[in-house]
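Novice: After the sequence you'll find the predicted model.
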Amino acid sequence: MKISVLESGSWGTALSISLAKRGHEVTLHSLHSSRSQILYDTHENPRLPGVTLPDTITFTDGLSGVETAGAVLVVTPSIAVRETAKSLRGLVREDAVIVSAAKGIERGSSMRMSEIIAQEVGGAERIAVLSGPSHAEEVARGIPTGCVAASVSESAALLVQDMLMSSDFRVYTSSDVIGVELCGALKNVIAICSGICMGLGFGDNSNAMMMTRGLNEMANLCAALGGRKETSAGLAGVGDLFVTCTSRHSRNRTAGMYIGQGMSAEEATAKVGAIVEGYYATASALELSRKAGVEMPIAEELGKILFEGKSPRVATLDLMSRARRTENGESWLDGQ
């Protein structure tokens, strides 16, 4: 299959390598710079040191070749998805599948990435989303990885599954687009909190509590917005949450660590040197939680840290000092 990947960041490059190994005709597009010449000359992406790109990948600036692709992968930061989708309007083949591999929620509109693409390009039934625990640094090296391809269309999900499945990249399908996308965005919020715990010098107990209670917030919001709670227990939920909260590759965890060590949010994200998706997702998650009437105390405290300059130690104390309750909000008489 002829496939266009937009664009040539670390994740887009990793997916291009995986697709090329499967024998697809892959074009890797650099939309906002002249990186394609560097990729062509060196067959390396500076963000993936030590990884050699296959000779079969075509490198280009702009959108040349998108119009003939059978599948188009949108692999930009979430804040660039709308701009990218607009550029595809009227250009993508009507029978082409569009795959969103971006993880985020648009601030202001509170729209998921697939919703933005559907609004700008049209055809929700041909859009799929790809999510799960998948650091580019490992996918590019062929380290075994599992993801989820979700779509309202079974045929679109199955096409993505078949397109990507290999001996080192396993893909499951799902019809829960809402749950898969929300989990992919919300886990970045909790990963910043996990990093803050590390930066404050807390231990494994603290991180386990943060991840578990954060997962509960994710699951509750997903369910309130039409997703399935069980999705939070799968690869797109707990799987991606675990890897993002514990891996040295995680930008969100790293940014949180810097904040816990005393940096401001602006200083921390600047030091990371790349997009920290959880920073943007926090504001969007809070917008969604308030609209849905879902309590998200961890996200609320993170919002105060990121946007109001609240001390992480004070935020931790406030979370630990909340009123007593049962773990899942149940009554002692439930089920009796």
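Specialist: Received the coordinates, thanks.

Novice: Residue 119 - how many residues pack around it?
Specialist: 14 (other CB atoms under 10 Å). No exception for glycine: its C-beta is placed from N, CA and C like everyone else's.

Novice: What of the one 4 residues further on?
Specialist: By other CB under 10 Å, 16 other residues sit near residue 123.

Novice: same deal with residue 203?
Specialist: 9.

Novice: can you check residue 178 too?
Specialist: By other CB under 10 Å, neighbour count at residue 178 equals 21.

Novice: And residue 89, by the same measure?
Specialist: Each residue near residue 89 was counted by other CB under 10 Å, and the total is 10.

Novice: measure it to residue 125 for me?
Specialist: Distance of residue 89 to residue 125, computed by CB to CB, to the nearest Å: 17 Å.

Novice: cool, and residue 68?
Specialist: Residue 68 is 21 Å from residue 125, by CB to CB.

Novice: Please apply the same query to residue 306.
Specialist: 37 Å.

Novice: wait, what's in contact with residue 36?
Specialist: Taking CB atoms under 8 Å, 6 or more residues apart in numbering, we find residue 36 in contact with 8, 28-30, 59-61.

Novice: Compare residue 306 and residue 125 (neighbour count), which wins?
Specialist: Each of residue 306 and residue 125 has its neighbours counted (other CB under 10 Å); residue 306 has more, 25 against 13.

Novice: so the more buried one makes contact with residue 276?
Specialist: No. Using CB atoms under 8 Å, residue 306 is not in contact with residue 276; the gap is 9.9 Å.

Novice: what touches both of the two?
Specialist: residue 192.

Novice: Residue 58 - nearest residue in space that isn't next to it in sequence?
Specialist: The shortest distance from residue 58 to any non-neighbouring residue, by CB to CB, 6 or more residues apart in numbering, is to residue 27 (4.4 Å).

Novice: What residues does that neighbour make contact with?
Specialist: 2-5, 57-60, 64-66, 69.

Novice: List buried members of the residues you listed by neighbour count.
Specialist: Buried by 16 or more other CB atoms under 10 Å: 2-5, 57-60, 66, 69, out of those.

Novice: Next step: the residues you listed restricted to strands.
Specialist: Under the assignment DSSP state E, the buried ones among the contacts of residue 27 contribute 2-5, 58-60 to strands.

Novice: right, and the pair among those with maximum separation?
Specialist: Farthest-apart pair in these is 2 and 59; separation 15.0 Å (CB to CB).
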